[in-house]
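Undergrad: no sequence on this one, just coordinates:
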């Protein structure tokens, strides 16, 4: 009886060995978002729910964020392995010593937009002076505000910044507690529905400021030690974003099941705008998430021009397309 027990135990252990090996082979990877979960992050949650990261050997820990500045800082010092941050903000952090590299573009177009109510008398940035501008302290638009002010020809100290949470932006503007808010264009439809004809807005790209927006970044030390793992993450993530372009509904389902307080209609609207931001000649012709060299250089020059970077660097060292498949492309409009 004892011998039989041992033989059965050994057989069970052998049958479980592949699963144990698979569990041991999982590499823990941390990812900090730029903000709280939204439609632009839905492909990540879709890939998690589908088990794509797990099957690729990645145990992905997704952390909510509080701004591109914070995400870039955390990735830059190695507090987290990967992150999502507006690329200009990441470049600014890199110039101050943050060790990071961009590996995939999410927003190939700048999402920065200012919103206000026309009834306040504001018609454009020339009227911003003397008004309050609400956003979180780590908001990418606040970090990049000097660039906007200079491009728009208005004084950088002409507005009073008010700290508000991302979720409070629209309610605070509606209640008149601030005069202007900064937000990403992916949430445009929510403002249209809230304010109707009273809505005033300006996309930064309209005044010639179109740096790369949100991008996936990786800590350089982690990258050096885990290049293959980073490549696997990019491969899965690129595939997930294209899957959600082709069929958004399951991705919105995954987002809603992983994040509370979100409304399906709003997330569907957001995803439609996200796809606009993802679409450029480079992402349609070279690969979804592809960085164009000239756009990288212009993003760097923008940051350098307006912030006079003390710790300048070669922009070609700050990004790579190495892991992006050219078989996975962004769709045409």
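TA: Cool, the structure landed. In this text the structure is predicted, and so the values were computed from the model without any measurement.
Undergrad: so what's residue 147 up against?
TA: 88, 209, 302, 303, 305, 306, 307 (CB atoms under 8 Å, 6 or more residues apart in numbering). Where C-beta positions appear, they are placed from N, C-alpha and C, glycine not excepted.
Undergrad: And the furthest pair within those residues?
TA: 209 and 307 (13.4 Å; CB to CB).
Undergrad: just to revisit the earlier point, let me know the closest of the contacts of residue 147 to residue 278.
TA: Distance to residue 278 across the contacts of residue 147 (CB to CB) is lowest for residue 88, with 17.4 Å.
Undergrad: The closest residue to the closest one other than its chain neighbours and residue 309: what is the separation?
TA: Counting by CB to CB, 6 or more residues apart in numbering, residue 88 lies nearest to residue 211, which is 4.5 Å off, once chain neighbours are set aside. The spacing between residue 211 and residue 309, counted by CB to CB, to the nearest Å, is 14 Å.
Undergrad: So which of those two has more stuff around it?
TA: The neighbour count for residue 211 versus residue 309, taken as other CB atoms under 10 Å, is higher for residue 211 (26 against 16).
Undergrad: For the helix or strand hosting residue 54, list every residue counted as buried.
TA: Element membership for residue 54 (DSSP states H and E) is helix 52-55. Using 16 or more other CB atoms under 10 Å as the test for burial, helix 52-55 gives 52, 53, 54.
Undergrad: just curious, which of those is nearest to residue 66?
TA: For the buried residues of helix 52-55, the minimum distance to residue 66 (CB to CB) is 23.5 Å, reached by residue 53.
Undergrad: Relative to residue 31, how far out is the closest one?
TA: Separation of residue 53 from residue 31 (CB to CB): 10 Å.
Undergrad: Which helix or strand lies directly C-terminal to the helix holding residue 54?
TA: Heading C-terminal from helix 52-55, the first helix or strand you meet, by DSSP H and E, is strand 58-63.
Undergrad: residues shared between the contacts of residue 53 and residue 31?
TA: Counting by CB under 8 Å, 6+ apart, the residues touching both residue 53 and residue 31 are residue 60.
Undergrad: coming back round to it: tabulate the contacts of residue 147 in CSV, adding columns for secondary structure, neighbour count and distance to residue 170.
TA: Shown next, in CSV, are those (DSSP: H, G, I helix; E, B strand; the rest coil; neighbours: other CB atoms under 10 Å; distance: CB to CB, whole Å):
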residue, secondary structure, neighbour count, distance to residue 170
88, helix, 27, 24
209, coil, 19, 23
302, helix, 21, 28
303, helix, 25, 29
305, helix, 12, 32
306, helix, 20, 28
307, helix, 17, 29
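Undergrad: What's the separation between the closest residue to residue 119 other than its chain neighbours and residue 191?
TA: Among residues not flanking residue 119 along the chain, residue 198 sits closest, at 5.4 Å (CB to CB, 6+ apart). Distance of residue 198 to residue 191, computed by CB to CB: 10 Å.
Undergrad: Between those two, which is the more surrounded one?
TA: For residue 198 versus residue 191, neighbours defined as other CB under 10 Å are more numerous around residue 191 (21 against 12).
Undergrad: Secondary structure element holding that one?
TA: Using DSSP H and E, residue 191 sits in helix 188-195.
Undergrad: And residue 324, by the same measure?
TA: Counting by DSSP H and E, residue 324 is part of no helix or strand.
Undergrad: What is the burial count for it?
TA: Using other CB under 10 Å, residue 324 is surrounded by 23 other residues.
Undergrad: quick one, what contacts the closest residue to it other than its chain neighbours?
TA: Nearest residue to residue 324, sequence neighbours excluded (CB to CB, 6+ apart): residue 287, at 4.5 Å. Contact analysis of residue 287 by CB under 8 Å, 6+ apart lists 238, 321, 324, 325, 326, 327, 328, 329.
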